[in-house]
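Engineer: Would you be able to build a 3D model of this:
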Amino acid sequence: MLELQNVSAGYDTGLVLRNVTLKVPTGSVVALLGANGAGKTTLLRTASGQLRPTAGRVVLDGADLTGKPSERFARHGLCHVPEGRGVFPSLSVADNIRLQAPRGVDRRTALDIAVTAFPRLGERLDQRAGTMSGGEQQMLAIARAYVANPKVVLLDEVSMGLAPKIVEEIFDRLRHLASTGLALLIVEQYVAQALDLADYVYILDRGRLSYVGEPTEISEETIAHSYLGGLAS
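Structural biologist: This next block holds a predicted model:
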């Protein structure tokens, strides 16, 4: 469904990703692990069209979208939930949800979908999104993955800064998303939860892949080394 083929990418300060090949098959969950600065967020930005690769190809649902604007990726069924609270803080919760609805989806229907996924949002529809708790804002951000009816969802550290109870609720909804047949690519600090959810695991180390395999194959030593054994770039 989503494939990065020998991708290199970076910023004015230099390359961050170096010759990375990664696949997210239809109906699968891929966990992308690695230390801070390994290039995980850069990879997601490249995979969603926010950052143009300097080499390689990005293919989504059979279409080569390399170098295309991010809205093209969205039209092909990709939803990116970025690191931090990906909401419009000055707008109401209801307006945030309405903006997430794709063409052809009634706004009332969009609200019903979001509230079914996260009932707490139903109690906050008239509230400005920026005044909600961090956990509630993250629920609103993830509701996009339900409302937008995507084929692929990229999630960048959606548990960051949240209480453990809220993290459990977030992961419960991610499991439900995965059960619907979507392809998920997850960057996550809670490694155990990510591995429990994933079908495949990739580890980035200073912009290069150091491990590709299944969760049952990866050792604790490999995980520990990926976070503690190298310098972040």
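
Engineer: all contacts plus neighbour counts: C-alpha atoms, from now on.
Structural biologist: Will do.

Engineer: chain center to stretch 180-195: distance?
Structural biologist: Distance, stretch centre to chain centre, for stretch 180-195: 8 Å (CA atoms, centre = their mean, to the nearest Å).

Engineer: ugh, wrong one, stretch 66-82
Structural biologist: Worked out by CA atoms, centre = their mean, stretch 66-82 lies 12 Å from the chain centre.

Engineer: need the contact list for the residue of the chain positioned farthest from its centre.
Structural biologist: The centre of the chain is farthest from one residue, residue 126, which by CA atoms, centre = their mean lies 26.8 Å away. Neighbouring residues of residue 126 by CA atoms under 8 Å, 6 or more residues apart in numbering: 92, 93, 94.

Engineer: now swap in residue 198 and tell me
Structural biologist: 28, 29, 30, 31, 214, 215.

Engineer: pretty sure the second one is touching residue 180, no?
Structural biologist: No: between residue 29 and residue 180 there is no contact under CA atoms under 8 Å: 11.5 Å.

Engineer: ok, these two, which is more surrounded?
Structural biologist: A side-by-side neighbour count of residue 29 and residue 180, using other CA atoms under 10 Å, places residue 29 first with 28 against 9.

Engineer: and that one, what pLDDT?
Structural biologist: Looking at residue 29, its pLDDT stands at 97.

Engineer: re the thing from before, phi, psi for the residue farthest from the centre of the chain please.
Structural biologist: Main-chain dihedrals, residue 126, degrees, to the nearest 10: phi -90, psi 0.

Engineer: what about it, distance to residue 94?
Structural biologist: Using CA to CA, to the nearest Å, residue 126 is found at 6 Å from residue 94.

Engineer: would you list the contacts of residue 198 in TSV and tack on distance to residue 18?
Structural biologist: Below are the contacts of residue 198 laid out as TSV (distance: CA to CA, whole Å):
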residue	distance to residue 18
28	24
29	23
30	19
31	19
214	22
215	24
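
Engineer: Selection in PyMOL covering whichever of those are buried, please.
Structural biologist: To isolate the buried members of those in PyMOL, using 16 or more other CA atoms under 10 Å:
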select buried, resi 28+29+30+31+215
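
Engineer: All set now, cheers.
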